[in-house]
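**Student:** Any chance you could fold what I've pasted below:
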Amino acid sequence: MNWRTTLLTLAMGAALLGGAQAQTRLITLGTQGGPMPSATRAQPANALVVGERVYLVDAGNGVAQQLVKAGLDHRHVGQIFITHNHDDHNADWGALMGFQWATGRRQPTHVYGPAGTEAMMQGFLAYFQPNARIRMADAPGMLAPQQLFHAHDFKGNGEVYRDDLVTVTAAENCHYAKPPDGTPVLDRSYSLRFQTPDKVVVFSGDTGNCPAVLALAHGADVLVHEVIDLPLIEKAMSAMLPAQMARAYMRHMEEEHTTAEDVGRLAQAAGVKQLVLSHIIPGREEPDSVYLEPVRRHYLGPVTVARDLMAF
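**Tutor:** Numbering: from 1, shown residues only. Predicted structure coming up:
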């Protein structure tokens, strides 16, 4: 073997190795929409695994355990992205960081989210302080949590993160409608587009039927989109809540979430290659056909009603 052949062989091997490292997997860690705890679904969270790195999208209650169930090391999550600051999406990013710190992670962990995320970090650090003080007394030399936990508010639409494997773009979606009394909307909700070496994966987050999501999802390999069934939600609300509160919630569901029919229309118009339905509401005992049949009236590609710990 001459030197040219040797160099070519090494280059081909490196390219193959790099390609393997760049492979992207999506794992739906939690697929239950809303703050109601469920015995069969965890709250919203997704792991985007690119090579050996784990990027977390939303961090609902129990996300650390869901990572372990998925065969992922919770200490390997270095970047957390929060689509919006509802508690079913952000309840456990602070706890996850704390568990990482207590179990050996010594690299920084960063969380990126809408305005208010940086303030939440300060609240978490205050909550965590007694625990940190006790553990650091037991193990002198541990870095303080403030040195390893970092939060960053999105500045608006556009690129919100980039490294050598992923570029993340945010677009404000249609989840927070203006209140009827004209009160200004102070909070923001975002959809996120991840460009990796081999795929484009878009997460709708919570949103109503929204042109911004359509534009962001254009040509994506995978679109992970929320879905609801209004008749089933109305039935559940009527049985659970006072009439006035139920009506207010139904207005929110009708205007600020997305039915299966509208998800199908959006996915087809955006030309996405695969559709994954998650953040299921009500997400209880209803058959998958409740969501699949309306989607398939409009979307011609493959569609899955996600369950926890599915891989794509």
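**Student:** What residues does V185 make contact with?
**Tutor:** Contacts for V185 (CB atoms under 8 Å, 6 or more residues apart in numbering) come out as Y176, A177, K178, P179. Placement of C-beta: from N, CA and C, glycine included.
**Student:** Where does pLDDT dip in the stretch 51-200 of the chain?
**Tutor:** Low-confidence segments of the stretch 51-200 of the chain, defined by pLDDT under 70: 180.
**Student:** Assess the claim that A170 and L192 are in contact.
**Tutor:** Yes: in this structure, A170 is within contact of L192 by CB atoms under 8 Å, at 5.6 Å.
**Student:** shared neighbours of the two, which are they?
**Tutor:** Shared contacts of A170 and L192, defined by CB under 8 Å, 6+ apart, are found at V160.
**Student:** before we move on, the earlier item: adding distance to L48, write the contacts of V185 out as TSV.
**Tutor:** Output for the contacts of V185, formatted as TSV (distance: CB to CB, whole Å):
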residue	distance to L48
Y176	25
A177	29
K178	32
P179	34
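**Student:** Quickly name whichever of those is closest to F99.
**Tutor:** Checking these against F99 with CB to CB, the nearest one is Y176 at 30.4 Å.
**Student:** where's the closest one, which helix or strand?
**Tutor:** Under the criterion DSSP states H and E, no helix or strand holds Y176.
**Student:** Return the members of the contacts of V185 classed as buried.
**Tutor:** Neighbour-count burial (16 or more other CB atoms under 10 Å) applied to the contacts of V185 gives Y176.
**Student:** Identify, from the contacts of V185, the entry nearest to I228.
**Tutor:** Nearest to I228 among the contacts of V185, counting by CB to CB, is A177 at 15.1 Å.
**Student:** Distance of that closest one relative to M310?
**Tutor:** 31 Å (CB to CB, to the nearest Å).
**Student:** same check, this time on D187
**Tutor:** When D187 is compared with M310 (using CB to CB), they lie 30 Å apart.
**Student:** In three-state terms, label the residue nearest to the spatial centre of the chain for me.
**Tutor:** Centroid check for the chain by CA atoms, centre = their mean gives V57 as the closest residue, at 2.9 Å. When classified by DSSP: H, G, I helix; E, B strand; the rest coil, V57 comes out as strand.
**Student:** which non-adjacent residue is nearest it?
**Tutor:** Distance criterion CB to CB, 6 or more residues apart in numbering; nearest residue to V57, sequence neighbours excluded, is N46 at 4.3 Å.
**Student:** Quick one: neighbours of that neighbour, just the number.
**Tutor:** Around N46 there are 28 other residues, counting by other CB atoms under 10 Å.
**Student:** try W93
**Tutor:** By other CB under 10 Å, the residues close to W93 number 29.
**Student:** quick one, what contacts E172?
**Tutor:** By CB under 8 Å, 6+ apart, the neighbours of E172 are G156, N157, R188, S189, Y190, A212.
**Student:** related to what we said a few turns ago, confirm for me that the residue nearest to the centre of the chain is in contact with H84.
**Tutor:** No: if you go by CB under 8 Å, V57 and H84 don't touch, sitting 11.7 Å apart.
**Student:** Show the residue spans covered by the strands in the stretch 151-300 of the chain.
**Tutor:** 158-162, 167-172, 190-195, 200-203, 222-228, 275-281 (DSSP state E, counting those that start in this stretch).
**Student:** can you dump the C-alpha coordinates of the second one into CSV?
**Tutor:** It stands for strand 167-172. In CSV, the C-alpha atoms belonging to strand 167-172 read as follows (Å, rounded to 0.1, in the frame of the first residue of the first chain):
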residue,chain,number,x,y,z
THR,A,167,-27.9,25.3,14.9
VAL,A,168,-31.1,26.2,16.8
THR,A,169,-33.5,28.8,15.4
ALA,A,170,-36.5,30.1,17.3
ALA,A,171,-39.8,31.5,16.0
GLU,A,172,-42.5,33.0,18.2
